[in-house]
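Enquirer: Mind folding the following:
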Amino acid sequence: MTDPIRILVADDHMIIRQGLRLILETEDDFDLVGEAPDGAEALRLCAEMNPDVVLMDLRMPGMDGLSAIEHLRAEQPGIAVVILTTFNEDDLMMRGLRAGAKGYLLKDTDRETLFNTIRAAVRGETLLKPEIMKRVLLQMSATGVKESFPTDLTGREMEVLKAVAQGERSKEIAIRLGIGERTVKAHLASIYNRLGVDNRAAAIAVAAQKGLLKK
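Expert: Next comes the predicted model:
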């Protein structure tokens, strides 16, 4: 039996934290190990509890969620962050993904999507809902990025990148492309290096901004 996924919730509203606790406690493989009302307390608890995943609100008093994500990426990169916020703003979404978050969910999301996103984050994967992915792509136009952007990604790397943008897991990509899962991970490592990122969500955000995901 595998160990439960250790989760920390960072949100300045107590009712949200309590509600998430009740929801997460319904799953046997989740263990809520801490709650924080702001980014600074989230960082302190992460250093103490070393959770697997942090559900991070973005706008909190004192240190906000974006700053906390940036600190975690530098200090504890092994902790996956999933943004869970009420703010349906493209700029915040892009900044959060660029900062290293592995997912972006609104607080009205359904339970199953929340659970799947947490589990994907622990696996090092990213699940972006189709509507979020569409906004990532549209944000490219809003920032004035040209459609054609020079890139030195190989054809196979582009196939892997587009599959990741569709939310496919490494195993699914391997089966569809007829290659090994280890090869998929090698392609991902190369993509991250070329785009200057270190996770799937950031790769998707950067690729969208550079026009790489347009068909």
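
Enquirer: what about the helices in this protein?
Expert: Using DSSP state H, the helices of the chain run over 14-24, 39-49, 65-75, 90-99, 111-122, 130-142, 155-165, 170-177, 181-195, 200-209.

Enquirer: Please name every helix or strand in contact with the last one.
Expert: Okay, so that is helix 200-209. helix 90-99, helix 130-142, helix 155-165, helix 181-195 (3 or more CB pairs under 8 Å, 6 or more residues apart in numbering; DSSP states H and E). C-betas here are computed from N, CA, C, even on glycine.

Enquirer: Tell me which of these is the most buried.
Expert: For the helices and strands packed on helix 200-209, average neighbour numbers computed from mean count of other CB atoms under 10 Å are highest in helix 90-99, which has a mean of 20.

Enquirer: by contact count, what packs against that one?
Expert: Applying 3+ CB pairs under 8 Å, 6+ apart, one finds that helix 90-99 contacts helix 65-75, strand 80-85, strand 103-106, helix 130-142, helix 200-209.

Enquirer: Now for E125: which residues touch it?
Expert: Contact analysis of E125 by CB atoms under 8 Å, 6 or more residues apart in numbering lists 102, 169-170, 200.

Enquirer: swap the cut-off to 10 Å and go again
Expert: Going by CB atoms under 10 Å, 6 or more residues apart in numbering, E125 touches 80, 102-103, 117, 119, 164, 167-171, 188, 199-201.

Enquirer: Mind pulling up the pLDDT for it?
Expert: The score at E125 is 75. That number is its pLDDT.

Enquirer: where does it sit relative to N116, distance-wise?
Expert: Distance, E125 to N116, by CB to CB, to the nearest Å: 10 Å.

Enquirer: what does G78 give?
Expert: 21 Å.

Enquirer: between these two, which one's more packed in?
Expert: N116 (14 against 8; other CB atoms under 10 Å).

Enquirer: Just give the number of residues close to F30.
Expert: 19.

Enquirer: ok, back up a step: make CSV out of the helices and strands packed on helix 200-209 and add distance to M63 and mean pLDDT.
Expert: Listed next are the helices and strands packed on helix 200-209 as CSV, based on distance: least, CB to CB, whole Å; pLDDT from 0 to 100:
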stretch, distance to M63, mean pLDDT
helix 90-99, 13, 80
helix 130-142, 25, 62
helix 155-165, 30, 89
helix 181-195, 27, 87
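
Enquirer: Any idea which of the helices and strands packed on helix 90-99 gets closest to D31?
Expert: Minimum separation from D31 across these (CB to CB) falls at strand 80-85, 14.7 Å.

Enquirer: Provide the strand pairings for that closest one, with the direction of each partner.
Expert: Paired strands of strand 80-85, with direction, are strand 53-56 (parallel), strand 103-106 (parallel) (DSSP bridges).
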